[in-house]
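Novice: Give me coordinates for this.
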Amino acid sequence: MHLTRYKITVQFDGSAFYGWQLQQSDRTVQFSLEKALIKITGSEHRIPVHGAGRTDRGVHAIGQVAHFDLDTQLTEKKLCDALNGNLPPDCQVLAVEKTTSDFEARFQAVKRWYRYQCYSGDSLLYRNQAWMVKDLDIDKLNGMARLILGEHDFLSYSKYRKNINNTKSMIYHSQWKADGEMVNFLIAGNRFLHHMVRYLVGTMVETAVGYFEFDNFVHLLQNPRKNVNIHRAPACGLILNRIDYE
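Specialist: From the prediction side, this is the model:
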């Protein structure tokens with residue numbers, strides 16, 4: 001048996017998934033991909049698929065990256081087609097490529113890009129792809145977005161976990177932009193803590209509409225502490241845009 005490592009790029013609508021990571025009984029993206037590989041190969045054993053990011057329930061992706069090892073005669077194009085032929089309609093493989101045996105989708109990623117969508121219109125079509133919120137002040141939002149650039153300890157803006165010792169992240173890009181009735185927050189960093197983007201978005205929006213004090217936003221950034229009572233934006237608006245590698 002000769003195993004080849006494959007790198008794949010995946011998009012999915014997270015509305016009906018219980019996140020990326022394999023779970024005992026719930027429907028996940030990782031499970032769907034591994035199930036498709038078993039159907040293609042006829043293997044009696046699990047073929048692990050390792051993702052670059054572990055998205056939560058309801059979170060979407062247009063550029064998730066993963067890798068797996070496989071012994072197959074299929075070309076990359078035919079393997080991609082075979083995967084998509086065995087995946088549910090809310091999950092699709094965009095690209096398949098052979099890579100080096102030491103490639104690690106998660107640990108070799110140098111930058112992760114997320115987009116968060118807020119929708120200010122009246123259409124219900126975006127209810128599973130955006131946070132329905134009106135009257136956002138872009139200038140106020142960008143004033144806060146600029147403050148998180150660079151390296152910070154984001155303990156205040158994350159779900160506390162005892163096993164996580166390092167709560168610092170380097171933020172390379174942080175900007176809000178209006179696109180018609182959609183207001184998008186684009187953020188890029190070397191790593192993200194659990195629920196970090198959603199806590200940042202939730203607190204920035206609450207501050208911009210006057211429900212949270214700007215000084216408190218700054219204080220939590222400069223004085224990190226665990227289990228802070230702040231607003232977490234809903235999962236439906238969050239999209240994993242892409243993963244960058246060297």
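
Novice: I'd like to know how far Asn229 sits from Phe192.
Specialist: Plainly put, Asn229 is 21 Å away from Phe192 if you go by C-beta to C-beta, to the nearest Å. To be clear about C-beta, it is placed using only N, CA and C from the backbone, and glycine gets the same treatment.

Novice: what's the answer for Val59, then?
Specialist: Per C-beta to C-beta, Val59 is found 11 Å from Phe192.

Novice: Pick out whichever of the two has more residues nearby.
Specialist: A count of neighbours by other C-beta atoms under 10 Å puts Val59 above the other of Val59 and Phe192, at 25 against 20.

Novice: In the protein, what residue spans correspond to strands?
Specialist: Counting by DSSP state E, the chain has strands at residues 4-12, 50-51, 60-70, 91-98, 109-119, 131-132, 150-153, 168-179, 182-189, 238-245.

Novice: Mean pLDDT and mean neighbour count added to the ones you listed, as TSV?
Specialist: Listed next are the strands of the chain as TSV, based on pLDDT from 0 to 100; neighbours: other C-beta atoms under 10 Å:
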stretch	mean pLDDT	mean neighbour count
strand 4-12	99	20
strand 50-51	98	18
strand 60-70	98	21
strand 91-98	99	16
strand 109-119	98	20
strand 131-132	98	19
strand 150-153	98	15
strand 168-179	98	16
strand 182-189	98	20
strand 238-245	98	20
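
Novice: Take the ones you listed and write them to TSV, including distance to Leu83.
Specialist: Supplementary listing: the strands of the chain in TSV, determined by distance: least, C-beta to C-beta, whole Å:
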stretch	distance to Leu83
strand 4-12	8
strand 50-51	14
strand 60-70	10
strand 91-98	5
strand 109-119	21
strand 131-132	31
strand 150-153	38
strand 168-179	31
strand 182-189	28
strand 238-245	18
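
Novice: among those strands, which is nearest Lys140?
Specialist: Judged by C-beta to C-beta, the one of the strands of the chain that comes nearest to Lys140 is strand 168-179, at 9.2 Å.
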